[in-house]
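Below are the sequence and a predicted model; questions follow.
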Amino acid sequence: MAESLTIRRPDDWHVHLRDGAMLAGVAHYTARQFARAIVMPNLSPPVTTTASARDYRARIVDALPAGTAFEPLMTAYLTDHTDPADLARGKAEGVLTAAKLYPANATTNSAAGVSDIARLDRVLGAMEEAGLVLCVHGEVTDADVDVFDREAVFIERHLARMVERFPGLKVVFEHVTTAEGVAFVEGAGANVAGTITPQHLHLNRNAMLVGGIRPHAYCLPVAKRERHRLALRRAVTSGSGKFFLGTDSAPHARADKESACGCAGIFNAPFALESYAAVFDQENALDRFEQFASLAGPAFYGLPVNEGTITLERGGPAVPDTLDAGGTTVVPFHAGETLTWRLASG
Ligand SMILES: NC(=O)N[C@@H](CC(=O)O)C(=O)O
Ligand SMILES: [Zn+2]
Ligand SMILES: [Zn+2]
């Protein structure tokens with residue numbers, strides 16, 4: 001039984017770093033583990049242009065101790081009014097790595113998202129040409145679709161068509177939560193990949209709803225049935241280059257989660273690698289962890305792998321019940337548990 005694991009330094013291909021005091025309170029957790037991260041643009045107001053992404057990038061760098069080796073990879077939030085030329089410029093100038101599609105009202109701060117995906121063709125065509133990656137929150141918002149079916153229906157109604165129409169567009173199906181999502185990514189071309197969060201590898205919907213409602217297990221897309229969780233575990237440990245690490249760490253104030261209408265989002269940044277490592281260990285697949293965490297993402301995004309390494313050691317940290325995030329109390333994923341691996345060095 002291996003007692004330690006050294007892998008190339010990983011990246012987080014989906015994270016919410018927020019802004020202001022919260023940004024200063026959470027960014028260091030991500031920077032401690034990851035060399036780079038795809039930073040989500042769903043601030044309020046959202047980061048919709050190259051200029052605002054450039055400004056946000058500067059605020060992230062300022063929020064970290066001087067000399068921190070961490071590169072934020074920026075994204076622009078697509079709206080009904082996105083200017084395709086601005087996206088292309090953002091890519092050419094090295095500001096934008098991706099653009100993010102939030103169907104309007106699908107998740108936190110998505111009210112300004114895209115109201116009619118069918119009208120996005122001009123933007124997607126420009127992105128395909130510019131080589132700008134499309135990151136997708138893949139859930140429909142139609143009132144007649146059950147919340148547990150929203151990801152699978154998004155594939156049928158939108159994703160399949162988008163991928164067919166823009167065969168050269170790189171698409172990341174973010175936070176895949178279903179067996180249908182896994183099958184779609186597996187069956188698509190090399191230009192389609194998926195990120196998978198630690199919470200969807202650990203939790204099924206029972207974990208959220210049995211024995212009391214657990215707001216800190218609530219995020220979007222919502223955790224599904226056990227068979228879906230098992231499909232996600234198979235995907236991440238398969239060794240396929242099509243699935244890579246994206247935490248979807250999404251901090252909200254404790255009070256906003258423990259509420260009559262609680263916010264969606266799980267704050268997993270503090271122990272993200274430890275959380276994933278526990279899964280790979282349980283699946284007897286620690287030898288595949290580097291592929292998922294450190295190799296597959298750069299290969300898909302066309303970026304070099306990181307030079308440094310990190311080491312995980314068996315015997316885990318006790319996760320605190322709460323943490324302070326720039327003056328706001330937040331509850332981390334795995335609060336109160338002791339994990340089985342810890343990050344030793346980086
Ligand atoms: N995942 C979540 O439940 N919430 C995210 C938004 C998102 O990634 O959908 C957030 O910004 O809080
Ligand atoms: Zn999302
Ligand atoms: Zn997210």
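Structure received. Owing to the predicted nature of the structure, the values given are computational and were not obtained by experimental measurement. Ligands and ions are numbered 1, 2, ... in the order given.

Can you report how many residues neighbour T6?
Neighbour count for T6, taken as other C-beta atoms under 10 Å: 12. (Each C-beta comes from the backbone N, C-alpha and C, glycine too.)

Can you tell me what sits against the strand or helix carrying it?
Using DSSP states H and E, T6 sits in strand 4-8. Residues outside strand 4-8 that contact it (C-beta atoms under 8 Å, 6 or more residues apart in numbering) are 277, 286, 289-290, 293-295, 305-314, 341, 344.

Give me the subset of those that lies in helices.
Under the assignment DSSP state H, those contribute A277, F289, E290 to helices.

Relative to E156, which of those is nearest.
E156 lies nearest to F289 out of these, by C-beta to C-beta, at 32.5 Å.

Leaving out sequence neighbours, find the closest residue to the closest one.
Spatial nearest neighbour of F289, chain neighbours left out: F280 (4.5 Å); criterion: C-beta to C-beta, 6 or more residues apart in numbering.

The one you found touches G239, doesn't it?
No: contact criterion C-beta atoms under 8 Å: F280 and G239 do not qualify, at 11.3 Å.

Looking at these two, which is more packed in?
Per other C-beta under 10 Å, whichever of F280 and G239 has more neighbours is F280, with 23 against 12.

dump the residue contacts of the more buried one.
Listed by C-beta under 8 Å, 6+ apart, the contact set of F280 reads V236, T237, L286, R288, F289, F292.

need the strands for the stretch 51-200 of the chain, in chain order.
Taking DSSP state E, counting those that start in this stretch as the test, the strands found in the stretch 51-200 of the chain are 71-77, 96-101, 133-136, 171-173, 192-196.

returning to that earlier point: among the contacts of strand 4-8, which are located in strands?
T309, I310, T311, L312, E313, R314, W341, A344 (DSSP state E).

from those residues, which has minimum pLDDT?
The lowest pLDDT within the ones in strands among the contacts of strand 4-8 belongs to A344, with 94.

Neighbours of that one, how many?
Burial measure for A344: 14 neighbouring residues, criterion other C-beta under 10 Å.

How about the residues of this protein by ligand 1?
H16, N42, T107, T108, H137, C219, L220, D248, A250, A264, G265 (C-beta under 6 Å from any ligand atom).

Please convert the buried members of these into ChimeraX selection syntax.
Here is the ChimeraX selection string for the buried members of those, based on 16 or more other C-beta atoms under 10 Å:
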select :16,42,107,108,137,219,220,248,250,264,265
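
Return the residues of the stretch 51-200 of the chain in contact with ligand 2.
Contact residues (C-beta under 5 Å from the ion) of the stretch 51-200 of the chain with ligand 2: T107, H137.

quick one, helices of the stretch 51-200 of the chain?
For the stretch 51-200 of the chain, helices defined by DSSP state H, counting those that start in this stretch occupy the ranges 84-92, 121-130, 150-154, 160-165, 179-187, 198-202.

sorry, back to before: can the strands of the stretch 51-200 of the chain go into TSV with extra columns for mean neighbour count, distance to Y301 and mean pLDDT?
Listed next are those as TSV, based on neighbours: other C-beta atoms under 10 Å; distance: least, C-beta to C-beta, whole Å; pLDDT from 0 to 100:
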stretch	mean neighbour count	distance to Y301	mean pLDDT
strand 71-77	24	8	98
strand 96-101	27	7	98
strand 133-136	25	6	98
strand 171-173	27	9	98
strand 192-196	27	9	99
